[in-house]
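> please work out how this folds:
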Amino acid sequence: MKKREMMILAAALALAPGLLLAAVWDRLPERVVTTWGLNGAVTGTGTRLALVWPVGLELLLCALLLAAPYLDPKRENYRKFGRRYNGLCVAMTLFLSVINAAVIWENLRPGSIPVGRVVTGLLGLLFLWLGNIMPTFRHNYFVGVRTPWTLSDPAVWDRANRLGGRLFFLCGLGMLVAAPLLPESLLAAMAILMALAAAVAPCIMSLVWWKRKQARGPDGCDKN
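Residues are numbered from 1 along each chain as shown. Below is the predicted model of the structure:
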């Protein structure tokens, strides 16, 4: 699929929840559910307007993702992983669209969707995809493991993103296995802990690798 087609697909996916919300607006109750707790119980409600914000945020995120290659000072590097980046735009908007659609549907037919399991499963699929493409990311300011140490050294960038790819893949696999098996009360906590570990570990290691490289010096020899 060409870049233009991928961008159109991402934009269409981002618009879909808004169209769904508009189509069922009159059928929604005056008070809708906006958040669920770790055990799947309702923890927050609001007026129907509360459902508009997530839809609007998805549109904003989609616009930012599509604009990033043109705004990034390292825009030339996007040519090296452009197809995978376009795929990421589609995957992100699809993930958010399905979640928004699930929330809208759950308000139309309460109890018909196990929200916690659906979100965990979708997050697992997204992480599997992200884990596969992260090692292909090239130096940029919008996606990948972006720390002061990866941004200052392309070699550290590549190493950190390879590690991040492996961890996000394993994290996604764990979420997919856990989604149908674990009690719903544990899923959110498990997903948060796994995601944090996958995100933080490459950041810490980027500092370690950068310091080791600095200690060796430009000629590869230990300065000490």
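
> go ahead and report the secondary structure state at the residue positioned nearest the centre of the chain.
Nearest residue to the geometric centre of the chain (CA atoms, centre = their mean): M92, 5.9 Å. For M92, the secondary structure call by DSSP: H, G, I helix; E, B strand; the rest coil comes out as helix.

> so what pLDDT did N77 get?
Per-residue pLDDT puts N77 at 90.

> spit out the contact partners of it.
R138, H139, N140 (CB atoms under 8 Å, 6 or more residues apart in numbering). In this view, the C-beta of every residue, glycine as well, is placed from N, C-alpha and C.

> how close does the residue nearest to it when sequence neighbours are not counted sit to G56?
Spatial nearest neighbour of N77, excluding adjacent residues (CB to CB, 6 or more residues apart in numbering): R138 at 4.0 Å. R138 sits 31 Å away from G56, going by CB to CB, to the nearest Å.

> which one's more surrounded, these two?
More crowded of R138 and G56, by other CB atoms under 10 Å: R138, with 19 against 12.

> G131 versus the more buried one, what's the distance?
Per CB to CB, R138 is found 17 Å from G131.

> same thing with L94?
17 Å.

> ok, back up a step: for the residue nearest to N77, helix, strand, or coil?
Under three-state DSSP, R138 comes out as coil.

> got a list of what it touches?
K74, N77, Y78, K80, F81, W157.

> over to R159?
Contacts of R159 by CB under 8 Å, 6+ apart are M205, S206, W209.

> out of the residues you listed, who's the most crowded?
S206 (26 neighbours).

> residue contacts, that one?
Going by CB under 8 Å, 6+ apart, S206 touches V145, T147, W149, T150, V156, W157, R159, A160.

> pick out the most distant pair among these.
For the contacts of S206, the farthest-apart pair by CB to CB is T147 and R159; their separation is 11.8 Å.

> the residue nearest to the centre of the chain against F127, yeah?
No - counting by CB atoms under 8 Å, M92 does not reach F127; the two are 11.8 Å apart.

> nearest to L61, of the contacts of R159?
Among the contacts of R159, and counting by CB to CB, the member closest to L61 is S206, at 25.0 Å.

> max-length helix in the protein?
For the chain, the helix with the greatest residue count under DSSP state H is helix 184-216.

> number of nearby residues for R4?
Other residues near R4 come to 9 when the count uses other CB under 10 Å.

> repeat that for P29.
P29: 12 neighbours (other CB under 10 Å).

> which residues in this structure form strands?
31-36, 42-47 (DSSP state E).

> among those strands, which is the most enclosed?
strand 31-36 (a mean of 16; mean count of other CB atoms under 10 Å).

> neighbouring contacts of that strand?
With CB under 8 Å, 6+ apart, strand 31-36 has contacts from 42-48, 50-51, 103, 106-107, 110, 115-116.

> tell me which two in the residues you listed are the farthest apart.
T47 and G116 (23.8 Å).

> which parts of the chain are helices?
3-24, 52-71, 82-108, 115-133, 148-152, 154-178, 184-216.

> for V143, which non-adjacent residue is spatially closest?
Distances taken as CB to CB, 6+ apart place F137 nearest to V143, at 5.9 Å, with adjacent residues excluded.
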